[in-house]
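>>> Kindly generate the corresponding structure for this input.
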Amino acid sequence: MLDKHLHPRVKPGLNRLAALLDRPGVSPDGLTLVGFAVGVLALPFLALGWYGAALAAIAINRLMDGLDGALARRRGLSDAGGFLDIALDFLFYALVPFGFILADPLHNALPGSWLLFAFIGTGSSFLAFAALAAKHQLDNPGYAHKSFYYLGGLTEGSETMLLFGLSCLFPALFPWFAWVFGALCWLTTFTRVWSGYVTLKGLETRQG
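The predicted model follows:
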């Protein structure tokens, strides 16, 4: 919901940083891998209750995620880079709730599992439509800078990072955050499935 409003505001700053990094030996895929490696550190940090360190790892991961795309746009988007980016993004999104579960299994296991369950819904509906949108060569002017069709919704990347940030700042409230955000994720999933089905059904009708 917020991504399409925030991206134009942060894009100029990311482009300036990407210009500084545009040197031989620095590649978009390399930035993706380094960002993921830093993001993975959030898992043990959360498990140990080092919430400040986990928040720093999450923030660096998101910064690198923005920079790899900005650098890729300077050099030309690639399908391989886009695949690597989105695959590692979804792994990162999953490891953060798992970290909170490890930090306090007694209180966080059930709401954390609910959140991971909801992430499966948003992720699968997102990627399934992206694959078919590419097949039908659908345009997505709202997210023209993406290397694949970016299907929006109520809970997108910006909202997810807000959830992770608040959870690190107020870890005792993670169960409440997880229950509420998981419910919003399911609302996003239902709207994506419905709108995606209607869009593709309309294409079939026009082509038939």
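
>>> Mind listing what's buried along the lengthiest helix in the chain?
Determined from DSSP state H, the single longest helix within the chain is helix 174-207. Along helix 174-207, these residues count as buried under the neighbour rule (16 or more other Cβ atoms under 10 Å): 174-175, 177-178, 181-182, 184-189, 192, 196, 200. C-beta coordinates here come from the backbone N, C-alpha and C atoms, glycine included.

>>> just stretch 167-176 next, same as before
Neighbour-count burial for stretch 167-176, counted by 16+ other Cβ under 10 Å, picks out 167-168, 171, 174-175.

>>> May I see those residues arranged in CSV, with pLDDT as well?
CSV is the format used below for the buried residues of stretch 167-176 (pLDDT from 0 to 100):
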residue, pLDDT
Ser167, 97
Cys168, 98
Pro171, 97
Phe174, 98
Pro175, 98
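
>>> Can you pick out the most distant pair from the residues you listed?
Within the buried residues of stretch 167-176, two members stand farthest from each other by Cβ to Cβ: Cys168 and Pro175, at 14.3 Å.

>>> What residues of the host helix or strand of Arg16 count as buried?
Arg16 is part of helix 3-21, with elements assigned from DSSP states H and E. Residues of helix 3-21 classed as buried by neighbour count (16+ other Cβ under 10 Å): 3, 7, 14, 18, 21.

>>> check contacts around the third one.
With contacts taken as Cβ atoms under 8 Å, 6 or more residues apart in numbering, Leu14 has the following neighbours: 66-67, 69-70.

>>> Against Thr189, how distant is it?
Computed as Cβ to Cβ, to the nearest Å, the Leu14 to Thr189 distance reads 29 Å.

>>> Let me know the pLDDT of Ser124.
Per-residue pLDDT puts Ser124 at 91.

>>> which helices and strands does the helix or strand hosting it pack with?
Element membership for Ser124 (DSSP H and E) is helix 105-135. Counting contacts by 3 or more Cβ pairs under 8 Å, 6 or more residues apart in numbering; DSSP states H and E, helix 105-135 is packed against helix 79-103, helix 174-207.

>>> before we move on, back to that, which of the buried residues of helix 174-207 sits closest to His136?
Using Cβ to Cβ, Leu200 is the member of those that sits closest to His136, with 7.5 Å.

>>> my read: the closest one touches Leu132, true?
Yes - using Cβ atoms under 8 Å, Leu200 makes contact with Leu132 at a distance of 6.0 Å.

>>> contacting residues for the spatially closest residue to Ala54 that is not a sequence neighbour?
Spatial nearest neighbour of Ala54, chain neighbours left out: Phe45 (3.8 Å); criterion: Cβ to Cβ, 6 or more residues apart in numbering. Neighbouring residues of Phe45 by Cβ under 8 Å, 6+ apart: 51, 53-54, 57, 99.

>>> Centroid-nearest residue for the protein?
By Cα atoms, centre = their mean, the mean C-alpha position of the chain lies nearest to Gly157, the distance being 4.5 Å.

>>> quick one, phi psi at it?
For Gly157, the backbone dihedrals are phi -60, psi -40 (criterion: degrees, to the nearest 10).
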